[in-house]
Structures are given as C-alpha cells and as structure tokens.
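J.: Here is my input, please return the structure:
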Amino acid sequence: MAGSATEEKTFRRFLELFLREMKAPLQDNDPPPLRPLTDLVSEDEVEGESLDLVSFLSVFNLSCSVFVPIKYCMIPSPNKPEPESDTTMEAVKMARCVFNRLYDTCCLWLKELPFRRRPQPYYETSIHAIKNMRRKMEDKHIIIPDFNTLFNIQDQEEQAFFAVFDGHGGVDAAIYAANHLHVYLVRQESFSQDPSEALCRAFKLTDERFVKKASRENLRCGTTGVVCFLRGRTLYVAWLGDSQVILVRKGQVVELMKPHKPDREDEKQRIEALGGCVIWFGTWRVNGSLSVSRAIGDSEHKPYICGDADHNVFPLDGSEDYLILACDGFWDTVSPDEAVRYEIMSFLIIMTYYLMIITYYFTILVLFLPAEMGLHIKYYY
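T.: Sure, this is the predicted structure:
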C-alpha cells in the first residue's frame with residue numbers, strides 16, 4: 001500500500017473498528033447504518049446514492065487519502081455505459097447491498113491493504129455553511145480533491161472537483177445535484193477531451209433526471225449550482241443560476257463568470273421569447289415567482305427556468321491565490337472586492353458583522369491553490 005506508516009496504521013485501525021461495529025453482513029430485515037433520504041432509486045442513480053451512503057464513514061474522522069479509496073471500491077469502472085432503464089428499486093435494499101459490499105471489501109483489505117497513490121497536488125479548503133434565521137438549510141456542497149482515485153482514472157493529469165449548490169423550495173434538488181453531478185460528469189463521452197462540454201451535459205442530465213424524480217415523488221424544488229473542475233493547470237468553471245465563484249490572483253479579484261439572474265438583459269429576452277415575463281416583486285422574478293432564471297429542477301417553471309449551464313476555461317499561470325465559491329446568500333451582501341480586501345484578523349471581524357446581518361442561509365467554500373500552482377496567501381479563514 002502506498003503511503004506512510006502512520007497512514008497505513010490509521011487505515012488498519014479503521015478497518016478493525018468498522019468490522020467490529022458492523023459485526024456481520026446485513027440481513028434482509030436489518031436496518032442499514034445510514035438510511036437513504038429517498039424511498040426509491042432508479043438504475044442511473046445507484047452510483048451517486050452509493051457514494052453518498054458511504055459518506056457516513058466521516059464519523060470515523062478519516063483523512064481524504066484513506067476515505068477516497070474506500071468510496072472508490074463502491075463504484076464501477078468509469079467505462080461502464082450509462083443505464084437506459086427507468087427501473088426503480090427500494091433505496092433501503094440498495095443501502096444493504098452497499099454496506100455489505102463495503103463489509104466484504106474491508107475484510108479483504110484487512111488481510112492485504114490496497115495500493116493507494118498519494119493525491120498530488122494537495123488542495124487546502126475551508127468551508128462554512130450556516131442556516132441563519134431560516135427554518136431549513138437548503139445548501140449542499142461537495143469537495144473531491146482526488147478525482148482520479150475516486151473514479152480510477154489512469155490516463156489524465158491530476159483532477160479535482162468542487163461545487164456549491166443553493167437549493168430553494170426544499171433541499172431535495174441540492175442533495176440530488178451534490179450526489180450525482182460529478183458521477184454524470186465522468187460518464188460523458190466528451191469528458192477526457194472536452195471537460196467544459198462534459199460539465200454542461202452533466203448539468204443538463206442532472207436537471208432532466210431530477211425532473212423525472214420530482215415527478216415520481218411529487219417534489220417542487222430546485223437548485224442553482226457552481227462547479228470548479230481542475231485538470232492539471234487548467235480551471236474549468238460551469239454554473240447554473242446565481243451561485244458564483246471568483247478567483248483571487250495576487251490579492252486582486254478575477255471575474256470568472258456572470259451569474260444567471262432574471263434582470264440580465266439576455267436572460268430577460270430569452271424568457272420573454274418563450275412567452276414568459278420578468279417582473280419586479282421585491283426583486284426581479286421570472287413570471288413573478290422565482291428570482292433565478294436557470295436552475296436544476298423547478299419543473300413547473302420550465303422552460304422559463306432552464307437547465308442549460310454556462311461554462312468558462314482559465315489557464316493557471318502560477319500567480320493564483322485561491323478561489324471563493326458561494327451561493328447568492330453570501331454574494332448579495334458581500335461584494336467580491338470586500339471578500340478579498342481584508343487580511344485574516346480584519347476578515348474575521350468583518351465576517352462576524354456580516355453573519356449578524358445576513359438572515360438567509362448561505363455556504364462559502366474557499367479553495368487554496370497548491371504551492372506548485374503559486375500559493376501566495378499565507379493565512380487561513
């Protein structure tokens with residue numbers, strides 16, 4: 001097994017603890033360690049739901065270098081074709097299969113630890129998510145610093161995936177996007193040659209499949225989202241709605257995208273061409289309802305609220321400091337220039353102030369670029 005003696009010891013200790021607590025494979029009537037949030041899953045949702053179930057292992061405080069190989073053992077090869085069937089199965093039965101497979105795999109690993117390469121480069125991240133005065137938290141985020149190990153990709157430069165999803169009308173759409181978009185991304189034929197196209201198709205596929213799920217389960221919600229995908233020294237950004245990412249280079253803000261909002265002239269024209277309207281009701285809203293013009297889900301508002309993502313590509317030249325991904329609850333109160341203006345002590349004081357005046361839930365993810373790409377920033381939030 002690749003890795004230090006300390007990591008190997010930690011890995012072996014986890015295996016022993018997990019097998020001791022699981023005791024034996026689950027039987028038909030045994031409850032799984034983590035119950036799925038949905039009752040039914042379709043065939044094309046199994047991979048993403050399986051990965052999400054295995055996330056319960058976070059209670060063991062595993063490092064990323066240990067956690068990722070465990071998650072990888074739960075998914076098939078990325079060369080497997082996309083399933084076409086709409087057949088569904090009981091989520092609890094799927095969960096039992098997932099944990100039994102995990103149990104069997106851990107038994108084998110306890111006898112012989114698996115080969116594991118160290119992720120390189122290493123991405124330092126900081127995440128803050130808060131519900132504030134809202135009844136429910138509807139944001140979700142996902143951090144995959146070692147994308148290649150997770151999907152057993154052998155023929156690409158190092159890759160990493162980071163995303164923030166801002167749900168509305170319920171959390172189901174944000175959960176669905178966080179569980180499945182990265183899986184749909186790696187399954188795209190264009191993934192190896194054109195990540196931008198693959199990202200947009202993954203957003204579209206996530207939207208289409210969630211709309212089916214929403215119809216099946218009578219869900220009425222949606223989510224915006226922003227994704228940063230790093231391949232070597234190239235940054236790929238894709239977004240849907242008003243979640244946003246900025247790049248900070250030598251302490252200065254670099255604009256990477258323009259969020260989709262109803263008052264954007266091109267968005268307004270698109271909506272009106274489809275027979276919809278954009279009106280002011282506290283803020284600009286599509287047909288007087290939603291204040292976003294693109295989103296995953298919101299089936300009752302389509303085609304005006306569409307699922308077509310935008311994208312951009314940025315080569316990294318070594319002068320970059322960090323990225324900030326956040327939902328509109330943050331950006332509506334803190335401008336990009338304000339977010340990067342302060343050094344650490346001033347930043348914490350300012351953020352304490354903003355946390356008191358922002359009543360909406362929000363998520364902010366700070367991604368520090370590794371030293372070999374040019375890490376000038378010396379402080380952490």
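J.: Name the SS class of Y304, please.
T.: coil (DSSP: H, G, I helix; E, B strand; the rest coil).
J.: Nearest spatial neighbour of it, chain-adjacent residues omitted?
T.: Among residues not flanking Y304 along the chain, G276 sits closest, at 3.9 Å (CB to CB, 6 or more residues apart in numbering). (Glycine included, C-beta is placed from N, CA and C.)
J.: cool, and V227?
T.: Leaving out its chain neighbours, the residue that sits closest to V227 by CB to CB, 6+ apart is A163, at 4.4 Å.
J.: In a strand, that neighbour, correct?
T.: Yes - counting by three-state DSSP, A163 is part of a strand.
J.: Would you mark the buried spots in stretch 248-261?
T.: 248-249, 253, 256-257, 259-261 (16 or more other CB atoms under 10 Å).
J.: In this structure, which residue sits furthest out from the middle?
T.: Of all residues in the chain, K111 has its C-alpha farthest from the mean position, at 33.6 Å, by CA atoms, centre = their mean.
J.: how near is it to F99?
T.: Using CB to CB, to the nearest Å, K111 is found at 19 Å from F99.
J.: next one: R187
T.: Between R187 and F99 the computed distance is 24 Å (CB to CB).
J.: shaky segments in the stretch 201-350 of the chain?
T.: Counting by pLDDT under 70, the ranges of the stretch 201-350 of the chain that qualify are 342-350.
J.: That one: helices as residue ranges?
T.: Assigned by DSSP state H, counting those that start in this stretch, the helices in the stretch 201-350 of the chain fall at 265-273, 328-331, 336-341, 344-357.
J.: what pLDDT, on average, does stretch 181-191 get?
T.: If you average the pLDDT over stretch 181-191, you get 96.
J.: Not counting it itself, show me its contacts.
T.: The contact list for stretch 181-191, computed with CB atoms under 8 Å, 6 or more residues apart in numbering, reads 47-48, 51, 75, 78, 80, 82, 142, 144, 147, 151, 153, 161, 163, 197-199, 201-203, 205-206, 209, 225, 227, 229.
J.: Show me the protein divided up by domain.
T.: 5-111, 126-373 (automatic domain parsing).
J.: for the ones you listed, which one ends up most surrounded?
T.: Sort these by mean neighbour count, taking mean count of other CB atoms under 10 Å, and domain 126-373 sits at the top with a mean of 19.
J.: and that one, how far from the chain's centre?
T.: Relative to its chain's centre, domain 126-373 lies at 9 Å (CA atoms, centre = their mean, to the nearest Å).
J.: can you pull out the strands in the stretch 201-350 of the chain?
T.: Taking DSSP state E, counting those that start in this stretch as the test, the strands found in the stretch 201-350 of the chain are 222-231, 234-240, 244-249, 252-255, 278-280, 284-286, 296-297, 310-315, 320-326.
J.: Just the CA atoms of the longest one, as CSV, please.
T.: Right, strand 222-231. What follows is strand 222-231, C-alpha atoms only, in CSV (Å, rounded to 0.1, in the frame of the first residue of the first chain):
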residue,chain,number,x,y,z
GLY,A,222,-34.8,23.4,-7.5
THR,A,223,-31.2,24.4,-7.0
THR,A,224,-28.6,26.6,-8.6
GLY,A,225,-25.0,25.5,-8.7
VAL,A,226,-21.4,26.4,-9.5
VAL,A,227,-18.7,23.9,-10.2
CYS,A,228,-14.9,24.3,-10.4
PHE,A,229,-13.1,21.4,-12.0
LEU,A,230,-9.3,21.4,-12.0
ARG,A,231,-7.3,19.4,-14.5
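J.: Compute the inter-axis angle for it and strand 310-315.
T.: Counting by axes from the mean of the first three to the mean of the last three CA atoms, to 10 degrees, strand 222-231 points 20 degrees away from the direction of strand 310-315.
J.: ok, strand 222-231: who's next to it in the sheet?
T.: Using DSSP bridges, strand 222-231 pairs in its sheet with strand 159-168 (antiparallel), strand 234-240 (antiparallel), strand 296-297 (antiparallel).
J.: Please apply the same query to the fourth one.
T.: With DSSP bridges as the criterion, the sheet partners recorded for strand 252-255 are strand 244-249 (antiparallel).
J.: which residues touch the partner strand?
T.: Outside strand 244-249, the residues that touch it by CB under 8 Å, 6+ apart are 226, 228, 235, 237, 239, 253-257, 259, 314, 319-328, 331, 336, 339-340, 377.
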